[in-house]
Each structure stands twice: as structure tokens, then as C-alpha cells.
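Asks: could you look at this predicted model? Sequence included:
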Amino acid sequence: MHYKSMQEVESLVNAFETRTISPSEWDHQMHLAVCCWYVMNGFDDVEHRMREGIRSLNREHGVIETASSGYHETLTLFWIAKVRSLVEVCCGPAIVVVGAVVGGLADPTLVYFHYSRERIASSEARKTWCAPDLHRLPAEGSEMWLSPWQLAS
């Protein structure tokens, strides 16, 4: 989704927080946009807001947490780290930064550069943070944010 204004992003954040987004609407790019908004606005508790917001939204829509469905802690923290790193190196108007983050991280399979399918699909990774088993996440501010194919070359 291409966001045209910060008011549109703020409306999305409001819908997330009030749990009025339908499950069919709530996609990967919306997760990124909400997270980006929290990071850009300096919230100290981004992890808590995303974790509890996703869990609340899941409960609202009858999504049951099991060993193989519902909230996923490692994925949530992975994408927060990716968003933070990208926000840190982006500049320009806020809506441009949101666009860069959402566009730059739009491919949800990026996680497989860092994690094996077995590790990310594990019930342990769903319940608690698991470090990547393939390629580490760069430390905040330590290096330019590159795509997996750039890092691999």
C-alpha cells in the first residue's frame, strides 16, 4: 500500500489501536507502517505496543494462539529491528520515510535470509525471541542497510 499522507498513516495506527482493522486488511505492510509510526514518534515501548496490539487484534478477530498460529514473538521483534534500522538511515519528510520503510521491507520472505525455515517456524520462536541462525541482524547504526542480495555478494 502506498500512503499519501501522515494523516492516512495515523488513521491506520488508530484503527490498529482500536482493533477496527479487519483480518483481511491487516497485512505485512500495515504492520510495517504502524511500527514505523511508533519508531518515528519516539515511543520507548514499541515492542510492547506492537506485541500487545497484535495480540489484542488477534483476540478481537478470534485468532487463537497455538504452537503454530497466532502471535509470533521472534517475527515481531525481527521486523521492529528492521524498521528501526531503516528509519535510522532514512531522511526526508515523514511520509517519505514511511514509504521507504514499507517499500524497502515489503517482502515478508526477507526473514529467510536471517532464519532457517525450521527455526522461524519453531514453537520456541513463536513464544520467545530467538536469534537468527543464518545471518545476524546488524547492530543499530553500525552499517548501511542493504538488501540480502547485496549482502550476499
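Replies: Perfect, thanks for sending it.
Asks: okay, helices next: where are they in this structure?
Replies: For the chain, helices defined by DSSP state H occupy the ranges 6-17, 28-40, 46-60, 73-89, 94-104, 111-114, 117-120, 123-127, 148-152.
Asks: go through those and name the closest to Ala67.
Replies: With Cβ to Cβ as the measure, helix 123-127 is the member of the helices of the chain nearest Ala67 (4.0 Å). Every residue, glycine included, has its C-beta placed from N, CA and C.
Asks: and that closest one, what's buried?
Replies: 125-126 (16 or more other Cβ atoms under 10 Å).
Asks: list the helices and strands it packs on?
Replies: The contact analysis (3 or more Cβ pairs under 8 Å, 6 or more residues apart in numbering; DSSP states H and E) places helix 123-127 against helix 73-89.
Asks: what does the helix it packs on contact?
Replies: Helix 73-89 has contacts (Cβ atoms under 8 Å, 6 or more residues apart in numbering) with 31-32, 35-36, 39-40, 46-47, 50-51, 54, 97, 100-101, 104-105, 110-111, 114-115, 120, 125-130, 132, 137-138, 140-141, 144-145.
Asks: one step back: what's the most buried one of the helices of the chain?
Replies: Of all the helices of the chain, helix 28-40 carries the top mean neighbour count, a mean of 22, counting by mean count of other Cβ atoms under 10 Å.
Asks: stretch 38-50 spans what distance, first to last residue?
Replies: In stretch 38-50, first residue to last residue: 9 Å (Cα to Cα, to the nearest Å).
Asks: identify the residues contacting that stretch?
Replies: 13, 31, 34-35, 76-77, 80, 83-84, 87, 94, 97-98.
Asks: farthest pair within these?
Replies: Farthest pair in these, by Cβ to Cβ: Leu77 and Ala94, 23.7 Å.
Asks: quick one: residues contacting Val101.
Replies: When contacts are counted by Cβ under 8 Å, 6+ apart, Val101 touches 32-33, 36, 83, 86-87, 90.
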